[in-house]
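# just coords:
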């Protein structure tokens, strides 16, 4: 799932949210992002641990 809230044209920052699920048996990692739609990009991690 990938989504972003609509922002006013004067907004200097915008966030895009997405979910990554690893259904395989080996670990994976997201190491970078890129887009032609912005001058810079950042990755922030948010995780939920299943009990």
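Nice, I can see it. The structure displayed is predicted, hence computed values, not measured ones.
# what sits against residue 1?
Contacts of residue 1 were listed using C-beta atoms under 8 Å, 6 or more residues apart in numbering, and they are 17-19. (Each C-beta comes from the backbone N, C-alpha and C, glycine too.)
# what's the burial count for residue 16?
Per other C-beta atoms under 10 Å, the neighbour tally for residue 16 reads 13.
# Find the nearest non-adjacent residue to it, please.
Leaving aside its chain neighbours, residue 16 sits nearest to residue 4 (4.5 Å; criterion: C-beta to C-beta, 6 or more residues apart in numbering).
# shouldn't that neighbour be in contact with residue 14?
Yes - applying C-beta atoms under 8 Å, one finds residue 4 in contact with residue 14, separated by 6.3 Å.
# measure residue 44 to residue 15 for me?
Using C-beta to C-beta, to the nearest Å, one obtains 9 Å as the distance from residue 44 to residue 15.
# ok, these two, which is more surrounded?
A side-by-side neighbour count of residue 44 and residue 15, using other C-beta under 10 Å, places residue 15 first with 10 against 6.
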